[in-house]
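In: for reference, the sequence and a predicted model appear below.
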Amino acid sequence: MMSSEVDHVNLNKRIEAYYRGERISNAALFLIGGGAITWSFLLFYWRQGHLSSGFFFSALPLGLFFIISGGYRFYRSFKRYGDTVNSITKEGYFENKEVPLLQSRILRFQQKRNVNMGGLIIGFISCIAIIFLKMNHVFLGTSVSITIFSAFLLAFDLFGQFRVEEYLHYLKKTL
């Protein structure tokens, strides 16, 4: 139950800061995906070697994933921000909608962290194995791309989880 003593100005600022951080991180994810595709394409176009082929052909789907997920989450955050701000005065909104949403996001961050760590480990071990086994450089470029993209996703998810936990802590403390 929302207390009548809740300072709506501070709550609104906290909501605004949380969703602003979400938009900034998703815009950065979008730009990183586009930049990776552009950089790897230019490298491939300039060098046209096996290593640059591996970079480009693995960066293309991974970069598209960054672009699509970052863009979708960026636009989704505007709707969620609007819904949350418009519901500040509604009885039970935070307890019934916002807090459960944030708690489920924390669980998803933990699951995504396992996937990201798996990609990071597999990519890194693949790089080492490919170098020692003197395999085709296309595979090396692919494993380097997987390692880099997994590292970016891990970093973004860790920062995202921190923001969610901080916002959730504030809501639980305040409400």
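Out: Nice, I can see it. The shown structure was predicted, so the numbers you read here are calculated from the model rather than taken from an experiment.

In: residue ranges for the helices of the protein, please.
Out: Remark: helices assigned in the chain by DSSP state H are 8-47, 50-86, 93, 99-133, 137-174.

In: what's in contact with stretch 53-61?
Out: By CB atoms under 8 Å, 6 or more residues apart in numbering, the residues outside stretch 53-61 that reach it are 36-37, 39-41, 43-44, 137-146, 149. To be clear about C-beta, it is placed using only N, CA and C from the backbone, and glycine gets the same treatment.

In: go again using 6 Å as the cut-off
Out: Here stretch 53-61 makes contact (CB atoms under 6 Å, 6 or more residues apart in numbering) with A36, I37, S40, F41, F44, V138, G141, T142, S145.

In: extract the C-alpha set from it and format it as CSV.
Out: C-alpha atoms of stretch 53-61 as CSV (Å, rounded to 0.1, in the frame of the first residue of the first chain):
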residue,chain,number,x,y,z
SER,A,53,35.7,-12.5,-43.1
GLY,A,54,35.3,-14.3,-39.7
PHE,A,55,34.9,-10.9,-38.0
PHE,A,56,32.3,-9.7,-40.5
PHE,A,57,30.2,-12.8,-40.9
SER,A,58,29.9,-13.3,-37.1
ALA,A,59,29.5,-9.6,-36.3
LEU,A,60,26.6,-9.2,-38.7
PRO,A,61,24.1,-11.4,-36.8
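
In: quick check: closest non-adjacent residue to F139.
Out: I130 (5.1 Å; CB to CB, 6 or more residues apart in numbering).

In: and the one you found, how many neighbours?
Out: Using other CB atoms under 10 Å, I130 has 20 other residues around it.

In: which of the contacts of stretch 53-61 has the largest number of neighbours?
Out: Highest neighbour count within those, by other CB under 10 Å: G141, with 26 neighbours.

In: list the contacts of it.
Out: Counting by CB under 6 Å, 6+ apart, the residues that G141 touches are L51, G54, F55.

In: could those residues go into TSV alongside neighbour count?
Out: What follows is the contacts of G141, written out as TSV (neighbours: other CB atoms under 10 Å):
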residue	neighbour count
L51	18
G54	23
F55	26
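
In: could you list the residues in contact with the helix or strand of the chain with the lowest mean pLDDT?
Out: Of all helical and strand segments in the chain, the minimum by mean pLDDT, DSSP states H and E falls on helix 93, at a mean of 88. Residues from elsewhere that reach helix 93 (CB under 6 Å, 6+ apart): S87.
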